[in-house]
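Asks: Give the three-dimensional model of this entry:
(one chain, ligands or ions: 2)
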Amino acid sequence: MSTLHNMVDMHKYRSLLALLDRYDNFALSTHINPDGDAIGSELSLYFFLTQLGKSVRIFNTDTVPTNYRFLPFWDSIEGVGSVGSYRPEVLVVLDASTLERIGKTLSKILVPIHILVNIDHHATSEAFGDINLIEPSASSTSEIVYTLIKYHQTPISKFCALCLYTGLMFDTGCFRYSNATAETHRIAAELIEIGEFAPDEVYRSVYEHIPVSKIRLLSEILRTLKVTDNGKIASVYATQAMFQKTGTTPEAVEGVVNQIQAIAGIEVALCACELRDGSTKVSLRSQGQVDVSELASEFEGGGHSRASGCRIVMPYLSAITAVVHTAQRYIDQPSTRCGDSFKD
Ligand code: 5GP
Ligand code: MN
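Replies: Ligands and ions are numbered 1, 2, ... in the order given. Prediction:
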């Protein structure tokens, strides 16, 4: 911990901690379609702030997905309808690269009296807060929250450890991606010891409670697989008709793109999802040659160099054609090669 980098780092964390100490009333929020890191980081910060005697409420646009309902206090997370005239002194937005990612309505009605704090690990983060703690080198937003608590020297509670671990596990693809560093593994080990939970049970809770309807949807989606002639770009799509047929929603498409990415020889994998308004959500994954956060930003999206997404106001087939065309251009231009590598 003696390098200049670490001292600069420490200063950033310490000044945020000093600010948190000054206020009593907090609201937390995260991005729409929340994932393991989104829910894990906001619940762990909730436990930490509550431990410090603060009054904390969490507001999310979307409900907690059923596979995260094993996390302690998940049901204390409130919806947009509960905001009313409530004004927190401080609003902390976690794991969202733009304020709008918490949801259009929520971003307008949940307004802090004093300070907006942005804690995130997306390289494309817009630094929209009054205070921004953005660490693109962190595996997950949960890892940033872990470091924040460590700098405060407050013992991490059991509940908090479980939520932090879930965030780390999710964003590293169960410690498979290159964002899972030695440090990430050390933190995970510490959290397992503190939380006294069984990591295999956490894994099963998150990944092995798949409703059969989602597997039926998956079989529909896989039938749409297309690979470009050079074998480098693979795409699939999910339509509203498929959701109706299988009794699912776009939420069930989460994770499909990671399977497409596993095809041998693929550089870019994409999964397009037709939304109810006829627009298309595209999830992108890269094996390293193409920086897909740059690719997504051409369509007003963002994310990480190896995992990104965007929403395109086009029917799904046209959206796929546009993204595949652009991805091909990136493959033909080696200068767009990505440096770091990340999942969510
Ligand atoms: P996923 O494809 O799993 O939904 O998202 C992969 C990554 O891209 C995540 O880091 C997520 O935050 C980011 N991402 C997905 N969709 C969007 C989007 O519409 N806008 C931005 N800025 N980032 C996105
Ligand atoms: Mn994340």
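
Asks: For the rest of this, base every contact and every neighbour count on C-alpha atoms.
Replies: OK.

Asks: any chance you could map the helices in the stretch 51-200 of the chain?
Replies: Per DSSP state H, counting those that start in this stretch, the stretch 51-200 of the chain carries helices over the ranges 104-109, 141-152, 158-171, 182-195, 199-207.

Asks: starting at the chain centroid, how far to the first one?
Replies: Read that as helix 104-109. Chain-centre distance of helix 104-109: 19 Å, with C-alpha atoms, centre = their mean, to the nearest Å.

Asks: Over to stretch 284-295?
Replies: That offset, for stretch 284-295, works out to 16 Å (C-alpha atoms, centre = their mean).

Asks: that older thread, highest mean neighbour count out of the helices of the stretch 51-200 of the chain?
Replies: Mean neighbour count (mean count of other C-alpha atoms under 10 Å) peaks for helix 158-171 among these, with a mean of 26.

Asks: between the helices of the stretch 51-200 of the chain, which gets nearest to residue 314?
Replies: helix 104-109 (19.9 Å; C-alpha to C-alpha).

Asks: Tell me the helices and strands packed up against that closest one.
Replies: In this structure, helix 104-109 makes packing contacts with no helix or strand, judged by 3 or more C-alpha pairs under 8 Å, 6 or more residues apart in numbering; DSSP states H and E.

Asks: that older thread, including mean pLDDT and distance to ligand 1, could the helices of the stretch 51-200 of the chain go into CSV?
Replies: Listed next are the helices of the stretch 51-200 of the chain as CSV, based on pLDDT from 0 to 100; distance: least, C-alpha to the nearest ligand atom, whole Å:
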stretch, mean pLDDT, distance to ligand 1
helix 104-109, 98, 12
helix 141-152, 97, 10
helix 158-171, 98, 9
helix 182-195, 98, 18
helix 199-207, 97, 15
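
Asks: I'd like the ones you listed as a markdown table, with distance to residue 78 appended.
Replies: A markdown table is the format used below for the helices of the stretch 51-200 of the chain (distance: least, C-alpha to C-alpha, whole Å):
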| stretch | distance to residue 78 |
| --- | --- |
| helix 104-109 | 11 |
| helix 141-152 | 20 |
| helix 158-171 | 17 |
| helix 182-195 | 25 |
| helix 199-207 | 21 |
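
Asks: right, and those - which one's nearest residue 253?
Replies: Of all those, helix 199-207 sits nearest to residue 253, with 13.4 Å by C-alpha to C-alpha.

Asks: next one: the closest one to chain centre, how far?
Replies: For helix 199-207, the distance to the chain centre is 18 Å (C-alpha atoms, centre = their mean).

Asks: Centroid-wise, who is the farthest residue in this structure?
Replies: residue 229 (32.1 Å; C-alpha atoms, centre = their mean).

Asks: That one: what secondary structure?
Replies: Following DSSP: H, G, I helix; E, B strand; the rest coil, residue 229 is assigned to coil.

Asks: Identify the residues contacting residue 294.
Replies: Applying C-alpha atoms under 8 Å, 6 or more residues apart in numbering to residue 294 gives the contacts 302, 305.

Asks: would you say it is within a strand?
Replies: No: counting by three-state DSSP, residue 294 is not found in a strand; it is helix.

Asks: any idea how far it is from residue 139?
Replies: Residue 294 sits 19 Å away from residue 139, going by C-alpha to C-alpha, to the nearest Å.

Asks: can you check residue 102 too?
Replies: Remark: distance between residue 102 and residue 139 (C-alpha to C-alpha) = 21 Å.

Asks: The two: who's more crowded?
Replies: For residue 102 versus residue 139, neighbours defined as other C-alpha atoms under 10 Å are more numerous around residue 139 (30 against 26).

Asks: which residue sits closest to the more buried one, ignoring its sequence neighbours?
Replies: Residue nearest to residue 139 in three dimensions, not counting chain neighbours: residue 179, with 5.1 Å by C-alpha to C-alpha, 6 or more residues apart in numbering.

Asks: give me phi/psi at the one you found?
Replies: phi -80, psi -10 (degrees, to the nearest 10).

Asks: gap between stretch 56-70 and the chain center?
Replies: Counting by C-alpha atoms, centre = their mean, stretch 56-70 is centred 13 Å from the centre of its parent chain.

Asks: Check which residues of that stretch are buried.
Replies: 56-65, 67-68 (16 or more other C-alpha atoms under 10 Å).

Asks: Next step: these restricted to strands.
Replies: The strands, defined by DSSP state E, take in 56-59 from the buried residues of stretch 56-70.

Asks: what stretches of the protein score poorly on pLDDT?
Replies: Applying pLDDT under 70 to the chain picks out residues 1-5, 8, 334-344.

Asks: Kindly report the residues of it close to ligand 1.
Replies: Proximity of the chain to ligand 1 is confined to 97, 283-284, 301-304, 307-311, 344 under the rule C-alpha under 6 Å from any ligand atom.
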